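Engineer: Pasted the sequence and its predicted model underneath.
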Amino acid sequence: MNFKEFTEEIKIALKEKLNRDDICIYSETALKNNHTLLPGLLIEAAGSNIMYTIPLKEYYEELKEGVSIQKIAAEMAHFYQSIDSYEIAQLGNFDQLREKVIYRIVNQEKNQVFLRSVPYMPYLDLAITFHVLIDNNASGCAALTISNRHLKYWGIDSSELYPLAHANTKRLFPSVINPFVDLIRFPEIMNENEPFRSFLSTLKILSNRNQSYGASCILYNNVLADLGKELQHNFYLLPYTVDEFLILPENQKYPRKFLMEIVESVLNDAAEKEQFLSSHPYYYR
């Protein structure tokens, strides 16, 4: 079964599983980070201002692994029904959302189309976007992107978003800094020669506790300043993905040319299209 056939069949099966006359299900291609287009199903309930999109890519992979259409439809129905109706109802009242407004950072150039429809703040060559946190648990976090349409509906100005998001994101997603070697997927790389092992031991990773859009931690008060004090060096911030920055101390032990070769290698290997943040390092001193 090809993807188009799967989309049509799963729409019918999901409609049957939900068994609600007030729900319409449409095929939709969602515009995600870095102009990545992801096919999904848009579920709209009559009388509701909220529309929910379920991405189809992972479910299609399940089908190819032998999972039946009916079982996949049941999973999707359960996922949709598990959304807390109280939380969804709150989206109509901005006063109830103030402590749930968060921010993320994305590449500005690669998101020009997306940024036309949302409030954002330029930051270097990046863009700070704003979201409402719907759920945050061990399985991950779900967030609604705040659009210009939401601002109009709530009757608020975009200038209100950053102070709220700045306080909330740091509180809800505390920053963490880990040694890079702790996250190396291939331990054999540490069997390289001593100078290389020594170099790797200087690298750190800055993210948040969830490791989701953790690159925004560079916006937190004093995070970079405190890191500079700890390292006792100026340092490079390598935008590995939207989820994290690699921290590379500037050390006289390693020539600048060598460091720049490492930077180029890291950024060339950095991220899938949707996770890409930037193609060049930032320097902090």
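Structural biologist: Looks like it arrived, so ask away.
Engineer: Would you state the helices of the stretch 101-250 of the chain in chain order?
Structural biologist: Assigned helices in the stretch 101-250 of the chain, in chain order: 112-115, 148-154, 161-172, 194-200, 223-231 (criterion: DSSP state H, counting those that start in this stretch).
Engineer: Compare the mean pLDDT across these and name the weakest.
Structural biologist: Ranked by mean pLDDT, those end with helix 194-200 at the bottom, a mean of 67.
Engineer: Cys217 touches Asn210, doesn't it?
Structural biologist: No - counting by Cβ atoms under 8 Å, Cys217 stays clear of Asn210, with 10.9 Å between them. Placement of C-beta: from N, CA and C, glycine included.
Engineer: Give the residues shared as contacts by these two.
Structural biologist: Counting by Cβ atoms under 8 Å, 6 or more residues apart in numbering, the residues touching both Cys217 and Asn210 are Phe173.
Engineer: biggest strand in this protein, by residue count?
Structural biologist: Using DSSP state E to define each element, the chain has its longest strand at strand 126-137.
Engineer: before we move on, the earlier item: want to try CSV for the helices of the stretch 101-250 of the chain, with mean neighbour count and distance to Ser278 as columns?
Structural biologist: As requested, those are exported to CSV (neighbours: other Cβ atoms under 10 Å; distance: least, Cβ to Cβ, whole Å):
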stretch, mean neighbour count, distance to Ser278
helix 112-115, 14, 15
helix 148-154, 14, 25
helix 161-172, 18, 19
helix 194-200, 12, 22
helix 223-231, 14, 16
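Engineer: Same list (the ones you listed) but as CSV, adding distance to Ile247.
Structural biologist: Listed next are the helices of the stretch 101-250 of the chain as CSV, based on distance: least, Cβ to Cβ, whole Å:
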stretch, distance to Ile247
helix 112-115, 28
helix 148-154, 35
helix 161-172, 18
helix 194-200, 12
helix 223-231, 7
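Engineer: still on that earlier bit, among Cys217 and Asn210, which residue is more densely surrounded?
Structural biologist: Cys217 (23 against 17; other Cβ atoms under 10 Å).
Engineer: State whether Tyr26 is indeed within a helix.
Structural biologist: No - counting by DSSP: H, G, I helix; E, B strand; the rest coil, one finds Tyr26 to be strand, located in no helix.
Engineer: any idea how far Phe79 is from it?
Structural biologist: 17 Å (Cβ to Cβ, to the nearest Å).
Engineer: ok so, going back, rounded mean pLDDT for the longest strand of the chain, please.
Structural biologist: The average pLDDT within strand 126-137 is 88.
Engineer: What helices and strands are in contact with it?
Structural biologist: Applying 3 or more Cβ pairs under 8 Å, 6 or more residues apart in numbering; DSSP states H and E, we find strand 126-137 packed against helix 85-90, strand 101-107, strand 120-123, strand 140-145, helix 161-172.
Engineer: Relative to Leu227, which of the ones you listed is closest?
Structural biologist: Of all those, it is helix 161-172 that lies closest to Leu227, at 14.9 Å by Cβ to Cβ.
Engineer: and the closest one, what other elements does it pack with?
Structural biologist: Counting by 3+ Cβ pairs under 8 Å, 6+ apart, the packing neighbours recorded for helix 161-172 are strand 101-107, strand 126-137.
Engineer: what's the offset of the last one from the middle of its chain?
Structural biologist: It stands for strand 126-137. Remark: strand 126-137 is offset 8 Å from the chain centroid, using Cα atoms, centre = their mean, to the nearest Å.
Engineer: try the first one
Structural biologist: The chain centroid and the centroid of strand 101-107 are separated by 8 Å, computed with Cα atoms, centre = their mean.
Engineer: Give the partner strands of it in its sheet and their orientations.
Structural biologist: Using DSSP bridges, strand 101-107 pairs in its sheet with strand 126-137 (antiparallel).
Engineer: buried sites along the longest helix belonging to the chain?
Structural biologist: As assigned by DSSP state H, the longest helix anywhere in the chain is helix 3-18. Residues of helix 3-18 classed as buried: Phe6, Thr7, Ile10, Lys11, Ala13, Leu14, Lys15, Lys17, Leu18 (neighbour count, 16 or more other Cβ atoms under 10 Å).
Engineer: contacting residues around Ile146?
Structural biologist: Ile146 makes contact with Val101, Val118, Pro119, Thr129, Phe130, His131, Val132, Leu161, according to Cβ under 8 Å, 6+ apart.
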